[in-house]
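S.K.: only the shape, not the letters, is given here:
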């Protein structure tokens with residue numbers, strides 16, 4: 001078993017054309033400005049090819065050229081190309097070779113390449129459409145007139161679709177399926193495939209039909225159609241659902257953390273850089289806050305509270321003390337509006353979230369992240385895990401100083417179960433859709449929320 005693709009060869013080739021376009025633009029600009037094709041230019045071409053291959057390989061722009069405005073697609077290309085240029089500049093200055101190239105040539109290349117890259121993506125999308133609408137489009141059927149089958153139908157070219165097959169009659173099908181699209185009963189698939197020249201058959205039946213699926217596949221061996229099994233993943237509430245490989249064995253992740261492999265490295269490296277930078281900038285203000293806490297009320301400067309961290313393990317989270325009490329027992333009362341336990345300075349610290357700044361040290365320790373689900377007191381965790389389905393899944397990642405729920409109006413007190421359920425929904429959405437860009441967006445939104453939101457007290 002191995003992972004692969006079902007797309008035409010020309011489309012697959014065009015998906016890897018970005019580094020070729022970047023190198024061709026380099027050579028073209030060099031020719032226009034009279035640069036010699038020497039070892040130095042060849043080295044730049046090789047480094048460019050490798051860097052663009054790595055940066056653009058993780059692009060989320062498969063469908064950008066269709067359905068999204070040019071500005072959205074082009075701006076994302078600009079951001080990724082800027083990263084490539086930054087790497088090249090670093091290498092050039094490190095090895096003191098940047099002076100060997102014409103500045104006019106390099107500037108022309110840097111400006112013109114994003115336009116060429118966008119053109120390549122437009123060409124890719126148009127080629128895909130042409131193939132999908134041509135006589136070369138695969139003639140296919142979908143076995144399973146259900147949610148999974150309909151979702152697959154939406155993602156496939158319509159020109160080669162011959163119909164749905166199912167074990168049920170048309171009056172028992174999903175309301176999503178047009179009865180006119182039902183081509184027949186599953187027992188007739190093999191004959192239909194032979195007489196209509198079907199090239200691909202997609203089986204989207206529930207796992208409960210495994211015995212019938214086995215019999216069907218046996219009959220389909222007498223055809224030349226390619227057969228694919230599409231598991232009904234919509235039967236599960238997926239959290240970061242994805243296909244993975246476990247020593248050559250394919251598996252479907254139903255509930256997983258997004259931070260494995262290089263994504264985990266990127267997340268941790270970003271946390272360390274942001275935490276160190278923030279501590280350098282905020283060192284003096286943090287020291288002044290500590291002194292103010294000590295002088296304005298009795299008690300320790302820092303409040304340490306047990307909370308759940310990664311994989312539900314208990315961690316100690318640091319905050320500037322903002323109350324006259326330091327609750328960390330089996331019962332913890334959330335702060336409410338006008339709470340008399342909050343000190344005068346503490347009220348200001350809580351409303352501006354300055355009391356959370358010591359959690360930057362939690363980030364350095366590896367117990368927290370800059371962005372992630374906000375950690376709750378252990379007492380609250382034990383309460384809500386019994387009331388909210390999937391509550392503990394939010395602990396598949398490190399808790400954060402800020403999170404998606406906090407920038408969507410759920411900062412501060414959660415006095416009702418509905419508010420906590422909504423907060424958990426955003427936390428799980430963060431796990432399912434994490435990307436470095438989402439983290440950056442949340443950090444920027446947090447700055448705005450702190451200055452405008454009045455829910456924290």
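M.R.: That came in fine, so what should we check first? The model shown is predicted, which means the values in this text are computed figures rather than measured ones.

S.K.: quick one, what contacts residue 381?
M.R.: By C-beta atoms under 8 Å, 6 or more residues apart in numbering, the contact list for residue 381 reads 307-308, 391-392. To be clear about C-beta, it is placed using only N, CA and C from the backbone, and glycine gets the same treatment.

S.K.: which residues touch residue 131?
M.R.: Contact analysis of residue 131 by C-beta under 8 Å, 6+ apart lists 8, 10-11, 137.

S.K.: excluding its backbone neighbours, what's nearest residue 219?
M.R.: residue 190 (4.3 Å; C-beta to C-beta, 6 or more residues apart in numbering).

S.K.: contacts for the helix or strand where that neighbour lies?
M.R.: Using DSSP states H and E, residue 190 sits in helix 189-196. By C-beta under 8 Å, 6+ apart, the residues outside helix 189-196 that reach it are 139, 141, 143, 162, 165, 183-184, 198, 201, 216, 219-220, 222-223, 225.

S.K.: do that again at 7 Å, thanks
M.R.: In this structure, residues lying in contact with helix 189-196 by C-beta atoms under 7 Å, 6 or more residues apart in numbering are 139, 143, 162, 165, 183-184, 198, 201, 216, 219-220, 222-223, 225.

S.K.: check stretch 43-50 too.
M.R.: The contact list for stretch 43-50 (C-beta under 7 Å, 6+ apart) reads 19, 22-23, 26-27, 88, 91.

S.K.: number of nearby residues for the nearest residue to residue 436 once chain neighbours are set aside?
M.R.: Of all residues not flanking residue 436 in the chain, residue 266 sits nearest, at 6.3 Å (C-beta to C-beta, 6+ apart). By other C-beta atoms under 10 Å, 15 other residues sit near residue 266.

S.K.: please apply the same query to residue 202.
M.R.: Neighbour tally, residue 202, other C-beta under 10 Å: 20.

S.K.: for it, what are its contacts?
M.R.: 140, 142-143, 152, 228, 230.

S.K.: try it again with 6 Å
M.R.: For residue 202, the contacting residues are 142, 152, 228, 230, by C-beta atoms under 6 Å, 6 or more residues apart in numbering.

S.K.: in a strand, the third one, correct?
M.R.: What that stands for is residue 228. Yes. Assessed with DSSP: H, G, I helix; E, B strand; the rest coil, residue 228 lies in a strand.

S.K.: next helix or strand past the helix or strand where residue 295 lies?
M.R.: Using DSSP H and E, residue 295 sits in helix 261-296. Counting by DSSP H and E, the next helix or strand C-terminal to helix 261-296 is strand 302-308.

S.K.: in that following strand, which residues are buried?
M.R.: Buried residues in strand 302-308, defined by neighbour count with 16 or more other C-beta atoms under 10 Å: 302-303, 305-308.

S.K.: same check on stretch 346-365?
M.R.: For stretch 346-365, a neighbour-count test (16+ other C-beta under 10 Å) marks 346-347, 349-351, 353-360, 362-363 as buried.

S.K.: one more: stretch 397-411?
M.R.: Buried residues in stretch 397-411 (16+ other C-beta under 10 Å): 397-408, 410-411.

S.K.: returning to that earlier point: may I see the PyMOL selection of the buried members of the contacts of residue 131?
M.R.: Buried residues among the contacts of residue 131 (16+ other C-beta under 10 Å), as a PyMOL selection:
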select buried, resi 8+11+137
